[in-house]
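Chemist: dropping a prediction and its sequence here:
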2 protein chains.
Amino acid sequence: MSDEEFRESGGRNTVFIGRQKPVMSYVLTTLTCLNNSPDVILKARGAAISLAVDVAQITIHRFAPGLRVADIKLGTEQLQSEEGGTRNVSSIEIRLTYPPEGQGEAAKP
Amino acid sequence: MSDEEFRESGGRNTVFIGRQKPVMSYVLTTLTCLNNSPDVILKARGAAISLAVDVAQITIHRFAPGLRVADIKLGTEQLQSEEGGTRNVSSIEIRLTYPPEGQGEAAKP
């Protein structure tokens, strides 16, 4: 799956984490998504996986204390390598959501 | 938590993923752990988080097809920085286990 196909694989509530932008830029995008959707999915692959975990942790601990990690999925994708073959790259999907009312909803900012 | 304390925080079935060794070395350690324990926990922090996901994926897809990701936990730890202050670093714990008999146990190598 090319970078372009990877980005098209998500819905409106999906934030694709790369390594082009500073971490706070992805945190801001995540918070913006949460204004329009009850949950948000952070997707990343390869070395950006660590950054996706940073984005999740910073969003929860600094900006949205009521937010929780609802689900994490790991995967493997095949990327076209420059030499013409394919190589495997790991991927992660972290779904963040506010828990149902009465389970921490009061902490929603 | 210093590197040393971090390594002491796990039990016998814990594999600490750093960035010193090649990925296959951690895969081998994981498989060795699984010979002595029904599950194994991969722990990593910072940039090594991506490598921990690689280790999980390679172990499952290439060496232990019956193995499953049972649980993933994200966290934040405080590290002493060289300037004397502290900085936050993200961490991950990936628990791998064989599902109960009748749910893929046949695939156990």
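Modeler: Now that the structure is in, tell me what you want to look at.
Chemist: A:Gly75 versus the residue most central in space within chain A, what's the distance?
Modeler: Central residue of chain A (CA atoms, centre = their mean): A:Leu42, 0.9 Å from the mean position. To A:Gly75, A:Leu42 is 13 Å away according to CB to CB, to the nearest Å. Backbone N, C-alpha and C define where each C-beta goes, glycine included.
Chemist: beta-bridge partners for the residue nearest to the centre of chain A, please?
Modeler: Counting by DSSP bridges, A:Leu42 is bridged to A:Val15, A:Ile94.
Chemist: residues shared between the contacts of A:Leu42 and A:Gly75?
Modeler: Shared contacts of A:Leu42 and A:Gly75, defined by CB atoms under 8 Å, 6 or more residues apart in numbering or on different chains, comprise A:92-93.
Chemist: would you confirm that A:Ile17 contacts A:Ala44?
Modeler: Yes - counting by CB atoms under 8 Å, A:Ala44 is a contact partner of A:Ile17 at 4.0 Å.
Chemist: give me the neighbour count for the residue nearest to A:Asn88 when sequence neighbours are not counted.
Modeler: Spatial nearest neighbour of A:Asn88, excluding adjacent residues (CB to CB, 6 or more residues apart in numbering or on different chains): A:Thr76 at 5.2 Å. Applying other CB atoms under 10 Å in any protein chain shown, we find 16 residues neighbouring A:Thr76.
Chemist: for A:Thr76, give me its contacts.
Modeler: By CB under 8 Å, 6+ apart, A:Thr76 lies in contact with A:88-91, B:57, B:61.
Chemist: within its sheet, name the partner strands of the helix or strand that contains it and how each one runs.
Modeler: Assigned by DSSP states H and E, A:Thr76 falls within strand A:68-80. With DSSP bridges as the test, strand A:68-80 is paired with strand A:86-97 (antiparallel).
Chemist: and A:Gly75, how far from A:Thr14?
Modeler: 14 Å.
Chemist: the two: who's more crowded?
Modeler: A:Thr14 (16 against 13).
Chemist: around chain B, which positions in chain A sit nearby?
Modeler: Selection of chain A residues close to chain B by CB under 8 Å from any CB of the partner chain yields A:46-50, A:53-54, A:56-57, A:61, A:69, A:72, A:74-76, A:88, A:90, A:92, A:94.
Chemist: which of those are buried?
Modeler: The neighbour count (16 or more other CB atoms under 10 Å in any protein chain shown) marks A:46, A:48-50, A:53-54, A:56-57, A:69, A:72, A:74, A:76, A:90, A:92, A:94 as buried among the residues of chain A next to chain B.
Chemist: and A:Asn35, that's in a helix?
Modeler: Yes - assessed by DSSP: H, G, I helix; E, B strand; the rest coil, A:Asn35 belongs to a helix.
Chemist: gap between it and B:Cys33?
Modeler: Distance of A:Asn35 to B:Cys33, given as CB to CB: 44 Å.
Chemist: more neighbours, those two?
Modeler: More crowded of A:Asn35 and B:Cys33, by other CB under 10 Å: B:Cys33, with 18 against 7.
Chemist: quick check: closest non-adjacent residue to that one.
Modeler: Counting by CB to CB, 6+ apart, the residue nearest B:Cys33 is B:Val40, at 4.3 Å.
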